[in-house]
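Colleague: Coordinates for the following, if possible.
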Amino acid sequence: MVHTQSATRPGRPSFATRAVRAARAETSWAVRALRRAWRAPGRERNIVLQSAKAALAAVLAWLAAAWLLPDAFALMAPWVAVVLVQATVYRSVWQGLQQTLAITVGTVFAAALVIPLGHPVLVMIIVLPLTTLLGNWPRFGSQGIYASTAALFTLVPGEATLDSTVSRILAALLGTAIGVGVNALILPPSYLRNAREAVDAAVGEAREIVTEIADGVDEPWEYDRLLAWHERARRLPRTIRSGQESIGWGQESLRFNPARRRHPDSVRLTAEYDEALTTLARAAEHLAGLTHTLLEAAEGDEETPRPGHDVTRPYAGFLREVATAVDAYGRTVTGDDPEGARAELHEAAEGARRAQDRLRAALSRHAVAAPGGLAVFGPLLAEARRLTACLLPGSSGGNGNGGDGGDGRHEEEDGDGGDNGDEGGNGNRGDAV
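Modeller: Modelled structure (predicted):
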C-alpha cells in the first residue's frame, strides 16, 4: 500500500485551526473583560458605561429630532450625539463646540453655492477641496473633517433651501446638546481611581525590582539575571509616564464635571499623585544606575575581585530596607492610613541607616583585602542611598556626606552609573490610556 504524505508540515496547524484558536482567544479576552467590568470599577467598566451612554444619546437625539424637525434631517442629530459621549465631560463640551462650528461652516458654504448654481456635482467639486483644507484649521481640532461631511449631507439630496440649511444646523445643535448632556448628567466619567491605581502600580514595580535584587545579590552574579534586572529597571519610567498620563486624565475628567463636588479633595489628591510620580521618576534613575553598575561588574574582567558574602549579605539587607521604604512611601500617598505609613517610612529609613552603617564597616574590611572590589560596591551603595534619600528627603542629611571613603573616592564611577541609568530610563516610550 502506498501512503501519500500530507502537504501540511508536521506539527504546523492549518489556517482554519489557527483562525479558530485566534477567535477563541479573542472571545476569551472579551469574556474576561466583561467579567472585570461586572465585578469592580475600572477601565473595562468605564468603557461599557460610555458605550451604553453613547447609544442612549443617539436614541434620545433621534427621538427629539424626529419630533421637532422634518424627517429628512433627523439623522444629523444622533450622528452628532453618538460621537460626543467622550471620555471626559470637558472633551464632550469642547469637541461639541468644534464639531458644531465645523458642521455650520460646511453646511453654509455648500448651501451658499448650490442654491444659486443649482448643480450639486459642480458645487461638490468646488466645495469639498476647500472644506477639507479648512478642516485642518487648528481651531477645529480633530473635528475639522465634519466640515466636509456636512457639505456632503447638504449636497447629496440634490437641492438645498434656506429652510433645509437652518434645519440641518439645528439638528447638529440638538445632537450636540443631547450628547454633552447625557455625558455630563448620567454617571459623568471620573478617572481619579485610575490615577491612584497608576501610582500603586509604579510603587509596586519599583518595590519588586529592589526586592528581587536584594534576594539575588548575595547569590552568584549571572549575567542574564542581572540583564533582566536592568531591563526591568529601564522599563520603570514607562510605567511612571503612563501614570502621569492617567493623572492628566483624572484632572481633565473633573473639568465641567457636575460630580466634582463629590470629590472635594480631588485637587489635593491629584497634586499628591503627581508629586509621588515625580519622586518615583527620580528613584527610577537611581535604580537604573544601580542595575547598570551590577551589569558592568558582571561584564568585567574575571580577575576583578568581587565582594564576598561578608559584603553582599549586608547589602542585601540594606536593599530590603529600601524596598520597605518604597512600599511605605507609596502608602503615604494612596494608603488608607497615611500617618501610619509615614511612621513606617521613617522607621524603614532608620533601618536603612543602620544597615548602611553595617555595610560601611564590611566595605572597610573588604577594601583592605581587595581594594578593587570597592569600585563596584562604592557606586552600588551610593545609588541605593540616593534612592532612599529621594523617598525621604530628611534622610539625605545623615547619609549624603557621611564621610564614606569608598563613596567619596569613586564619585566618577557614581556619575557614570547615574548617566547610564538616565539613558536606560529614557530609552523606551510608554503607551497611552
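Colleague: Show me which residues of stretch 203-218 are buried.
Modeller: Within stretch 203-218, the residues that qualify as buried are 203, 205-207, 209-214, 216-218, counting by 16 or more other C-beta atoms under 10 Å. (Glycine included, C-beta is placed from N, CA and C.)
Colleague: Would you pull up how far it lies from the middle of the chain?
Modeller: When distances are taken as C-alpha atoms, centre = their mean, to the nearest Å, stretch 203-218 is centred 22 Å away from the chain's centroid.
Colleague: rewinding a little: closest one of the buried residues of stretch 203-218 to residue 121?
Modeller: Among these, residue 205 lies closest to residue 121 (C-beta to C-beta), at 59.7 Å.
Colleague: Against residue 243, how distant is the closest one?
Modeller: Distance of residue 205 to residue 243, computed by C-beta to C-beta, to the nearest Å: 10 Å.
Colleague: For residue 161, give me the backbone phi and psi.
Modeller: Dihedral pair for residue 161: phi -130, psi 170, per degrees, to the nearest 10.
Colleague: excluding its backbone neighbours, what's nearest it?
Modeller: Spatial nearest neighbour of residue 161, excluding adjacent residues (C-beta to C-beta, 6 or more residues apart in numbering): residue 115 at 7.0 Å.
Colleague: Now do the helix or strand containing that neighbour: which elements does it pack against?
Modeller: Taking DSSP states H and E as the criterion, residue 115 maps to helix 89-117. For helix 89-117, the elements it packs on are helix 76-83, helix 120-134, helix 145-155, helix 162-185, helix 223-253, judged by 3 or more C-beta pairs under 8 Å, 6 or more residues apart in numbering; DSSP states H and E.
Colleague: quick one, which of those is nearest to residue 68?
Modeller: Going by C-beta to C-beta, the one of the helices and strands packed on helix 89-117 nearest residue 68 is helix 162-185, 7.1 Å.
Colleague: so the helix or strand just after that closest one versus helix 223-253, what angle?
Modeller: Per DSSP H and E, helix 162-185 leads on to helix 192-216 as the next helix or strand towards the C-terminus. Interaxial angle, helix 192-216 versus helix 223-253 (axes from the mean of the first three to the mean of the last three C-alpha atoms, to 10 degrees): 160 degrees.
Colleague: got any ranges where the protein has weak pLDDT?
Modeller: Confidence mapping of the chain against pLDDT under 70 gives the ranges 1-13, 42-43, 158, 262-265, 267, 300-308, 364, 366-375, 392-433.
Colleague: returning to what we had before: how many neighbours does the residue nearest to residue 161 have?
Modeller: Residue 115 has 15 neighbours, counted by other C-beta atoms under 10 Å.
Colleague: Pretty sure it sits against residue 160.
Modeller: Yes: using C-beta atoms under 8 Å as the test, residue 115 is close enough to residue 160 to be in contact (5.7 Å).
Colleague: Can I get stretch 93-107 in PDB, CA atoms only?
Modeller: Extracted C-alpha coordinates of stretch 93-107, given in PDB (Å, rounded to 0.1, in the frame of the first residue of the first chain):
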ATOM      1  CA  VAL A  93     -18.100  70.200  25.600                       C
ATOM      2  CA  TRP A  94     -15.000  71.400  23.700                       C
ATOM      3  CA  GLN A  95     -15.300  68.900  20.900                       C
ATOM      4  CA  GLY A  96     -19.100  69.700  20.700                       C
ATOM      5  CA  LEU A  97     -18.300  73.300  20.100                       C
ATOM      6  CA  GLN A  98     -15.700  72.500  17.500                       C
ATOM      7  CA  GLN A  99     -17.900  70.000  15.700                       C
ATOM      8  CA  THR A 100     -20.900  72.400  15.600                       C
ATOM      9  CA  LEU A 101     -18.700  75.100  14.200                       C
ATOM     10  CA  ALA A 102     -17.300  72.800  11.500                       C
ATOM     11  CA  ILE A 103     -20.800  71.500  10.600                       C
ATOM     12  CA  THR A 104     -22.100  75.000  10.400                       C
ATOM     13  CA  VAL A 105     -19.300  76.200   8.100                       C
ATOM     14  CA  GLY A 106     -19.600  73.200   5.800                       C
ATOM     15  CA  THR A 107     -23.400  73.400   5.600                       C
END
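Colleague: And that stretch, what's buried?
Modeller: 93-96, 98-107.
Colleague: Could you give the separation of it from the chain centroid?
Modeller: The mean C-alpha position of stretch 93-107 is separated from the chain mean by 30 Å, C-alpha atoms, centre = their mean.
Colleague: next one: stretch 271-284
Modeller: 14 Å.
Colleague: can you list contacts of that stretch?
Modeller: Residues from elsewhere that reach stretch 271-284, judged by C-beta atoms under 8 Å, 6 or more residues apart in numbering: 195-196, 198-199, 202-203, 206, 233, 236-237, 240, 243-244, 247, 250, 326, 329-330, 333-334, 387, 390-391, 421, 425.
Colleague: What subset of those residues is buried?
Modeller: For the contacts of stretch 271-284, a burial check counting by 16+ other C-beta under 10 Å picks out 195-196, 198-199, 202-203, 206, 233, 236-237, 240, 243-244, 247, 250, 326, 329-330, 333-334, 387, 390-391, 421, 425.
Colleague: Quick check, central residue of the chain?
Modeller: Centroid-nearest residue in the chain, with C-alpha atoms, centre = their mean: residue 242, separated by 2.2 Å.
Colleague: hang on, that residue packs against residue 198?
Modeller: Yes: with contacts counted by C-beta under 8 Å, residue 242 reaches residue 198, the gap being 6.4 Å.
Colleague: just to revisit the earlier point, mind putting the buried residues of stretch 93-107 into CSV with distance to residue 168?
Modeller: Shown next, in CSV, are these (distance: C-beta to C-beta, whole Å):
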residue, distance to residue 168
93, 22
94, 22
95, 19
96, 16
98, 17
99, 13
100, 11
101, 14
102, 13
103, 8
104, 9
105, 12
106, 10
107, 5
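Colleague: Residue 59: which of those residues is nearest?
Modeller: The closest of these to residue 59 turns out to be residue 96 (C-beta to C-beta; 18.1 Å).
Colleague: Please give me every residue in contact with the closest residue to the closest one other than its chain neighbours.
Modeller: Closest residue in space to residue 96, ignoring its immediate chain neighbours: residue 176 at 4.3 Å, by C-beta to C-beta, 6+ apart. Residue 176 makes contact with 80-81, 84, 96-97, 99-100, according to C-beta under 8 Å, 6+ apart.
Colleague: can you do 7 Å?
Modeller: For residue 176, the contact set (C-beta atoms under 7 Å, 6 or more residues apart in numbering) comprises 80, 84, 96, 99-100.
Colleague: just to confirm, which helix or strand has residue 296 in it?
Modeller: Per DSSP H and E: residue 296 is located in helix 266-299.
Colleague: I'm done for today, thanks for sticking with me.
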